[in-house]
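Engineer: sequence below, structure please.
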Amino acid sequence: MTELVEPFEKEKEPGGGEDHLRLGAASRKIEETIFILVGNYIPGFKGGGPTRSIANQVSALGQEFRFKIITLDRDLGDTLPYPSVAGNRWVRIGDADVMYVSPGWRGFLRMIVLLRSMDQSAVLYLNGFFPRRFSMLAIFLQRLGLIHPGCLVLAPRGEFSPGALQIKKTRKMLYIVLSRLLGLYRGVIWHASTELERADVLECFRRAVISIAGVIPQTRESQERLTRSVALPRRDIGEQPGTTERTRPQKISGHLCIVFVSRISPMKNLLTALRILQGVSGDVAFDIYGPAEDAGYWNKCKTVIGTLPANVRVQYIGEVEHDRVSDVFAEYDLFLFPTLGENYGHVIYESLAAGCPVLISDRTPWRELQDAGVGWDIPIDDTERFTTILQQCVDADDESYAAFRARAKEYAERFVANPEVVEANRKLFKNAVAAATE
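Structural biologist: Now for the predicted structure:
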């Protein structure tokens, strides 16, 4: 079965030029290896936050650690593999070596072989608690003594938030209880993005060893490196979100252009956003971007859309590639996002960076936004408050909104300049490597 795996160390072919999808490790010798399992990775974009979180970690720390990523060869929900990357072999994407595997049995077996070939001094980094192939598989293989990572780190990515646990609650709670009884996660280092996520993990695993390291935001330099490394859609995508100066539509009192950008699933709570709009007067346009991940949920949303008053116009635009998200936000007055929970919320940062104020739930790390003058974070059940704020935005004129937008961009710029987030992630991996080599 070992013949399924290409050798990792392989020199670049002579005369290869700028071959961005080359095999093998980088020319530098880095002994500190981090294996990462994640369901979707670039050039995919439908998987949302985890894809961006890992890409940003690699961009920030790829010169210090040797990242080897195992992921699917296609985007979330797609039936065909990426046309721009080679599957079933190691390819160089940015500062990481990536193995794109197929979703069938051949890919499943390849993953097992790859995990069994992992050196005992390596760190294994899992994204998510509930994904079967990209998290549970490794946990069970370790429990059975079939793989021996030196240290195992797990980032739950908001899966233990109260809102997330309410979705398919019985199945999730059964697995949590079973895993505690079997001690499946004994010795795991949990990566929490915030103190709030740390508290959520402790609610389920009271003896968990938890390291807090915030999510690294995207910078212009990191996006440029990714652009050079993989055949992403060719646009001027080297821009950091919000850095492009463009002519914005004028904000007219009595009119409001609202946008929703996210996966259409119960967790993202589009249904509540639509219901909030029922009580708003004035000329309101609400555009929806994102993959319809849950067809049944999307049908419920369409039913509510059919009941909205004539003054509220709703359009489903469809999926949007990550490199276009900044441009999308720049065209709107407000990002409405009453999510049931986010461990970070890349899309919230991207909205603010593009100068688009946000109206979100209080179940994200983005808090006290009203005090900063860049938006609002409202209790998820306070629909009256949501409606009141929407009406205030409808009634606002262009002069007041221009200041609102400027503050949003400045707020995002200050956030991305914070070096403590990168340092916390560096410390997380350093400590994991130290534990692996003890």
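Engineer: and the strands in the stretch 51-200 of the chain?
Structural biologist: 66-72, 90-93, 96-101, 123-127, 151-155, 189-192 (DSSP state E, counting those that start in this stretch).
Engineer: dump these into CSV; add mean neighbour count and mean pLDDT as well.
Structural biologist: Any C-beta I mention is one placed from the backbone N, CA and C, and that applies to glycine too. Formatted as CSV, the strands of the stretch 51-200 of the chain follow (neighbours: other Cβ atoms under 10 Å; pLDDT from 0 to 100):
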stretch, mean neighbour count, mean pLDDT
strand 66-72, 23, 96
strand 90-93, 22, 93
strand 96-101, 23, 95
strand 123-127, 26, 97
strand 151-155, 24, 97
strand 189-192, 22, 96
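Engineer: among these, which is nearest Glu331?
Structural biologist: Smallest distance to Glu331 across the strands of the stretch 51-200 of the chain (Cβ to Cβ): 30.1 Å, for strand 90-93.
Engineer: so which residue is smack in the middle of this protein?
Structural biologist: The centroid of the chain falls nearest to Gly49 when counting by Cα atoms, centre = their mean (0.6 Å).
Engineer: excluding chain neighbours, what is closest to that residue?
Structural biologist: His346 (5.1 Å; Cβ to Cβ, 6 or more residues apart in numbering).
Engineer: got a list of what that neighbour touches?
Structural biologist: Under the criterion of Cβ atoms under 8 Å, 6 or more residues apart in numbering, the contact partners of His346 comprise 48-49, 52-53, 215, 217-218.
Engineer: how near is the closest residue to Asp362 other than its chain neighbours to Thr307?
Structural biologist: For Asp362, ignoring the flanking residues on the chain, the nearest one in space by Cβ to Cβ, 6+ apart is Asp377 at 4.7 Å. Asp377 sits 27 Å away from Thr307 when distances are taken as Cβ to Cβ, to the nearest Å.
Engineer: who's more crowded, these two?
Structural biologist: Asp377 (19 against 9; other Cβ atoms under 10 Å).
Engineer: who's that one bridged to?
Structural biologist: Ile360 (DSSP bridges).
Engineer: picking that back up, to Ile264, which of the strands of the stretch 51-200 of the chain lies closest?
Structural biologist: Comparing these by Cβ to Cβ, strand 66-72 comes nearest, at 20.2 Å.
Engineer: for stretch 45-53, which outside residues touch it?
Structural biologist: Contacts for stretch 45-53 (Cβ under 8 Å, 6+ apart): 38-42, 44, 75-78, 127-128, 155, 157, 215-216, 218, 262-263, 291, 293, 319-322, 342-347.
Engineer: now with 6 Å?
Structural biologist: 38, 40-41, 75-76, 127, 157, 215, 263, 291, 321-322, 346 (Cβ atoms under 6 Å, 6 or more residues apart in numbering).
Engineer: which residue ranges make up each domain of this protein?
Structural biologist: 2-235, 255-416 (automatic domain parsing).
Engineer: turn those domains into JSON lines, columns for distance to Leu428.
Structural biologist: Formatted as JSON lines, those follow (distance: least, Cβ to Cβ, whole Å):
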{"stretch": "domain 2-235", "distance to Leu428": "5"}
{"stretch": "domain 255-416", "distance to Leu428": "15"}
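Engineer: just to revisit the earlier point, quick check: which of the strands of the stretch 51-200 of the chain is nearest to Trp298?
Structural biologist: Nearest of those (Cβ to Cβ): strand 66-72, 22.5 Å.
Engineer: quick one: distance of the closest one to the chain centre.
Structural biologist: Computed by Cα atoms, centre = their mean, to the nearest Å, the chain-centroid distance of strand 66-72 equals 16 Å.
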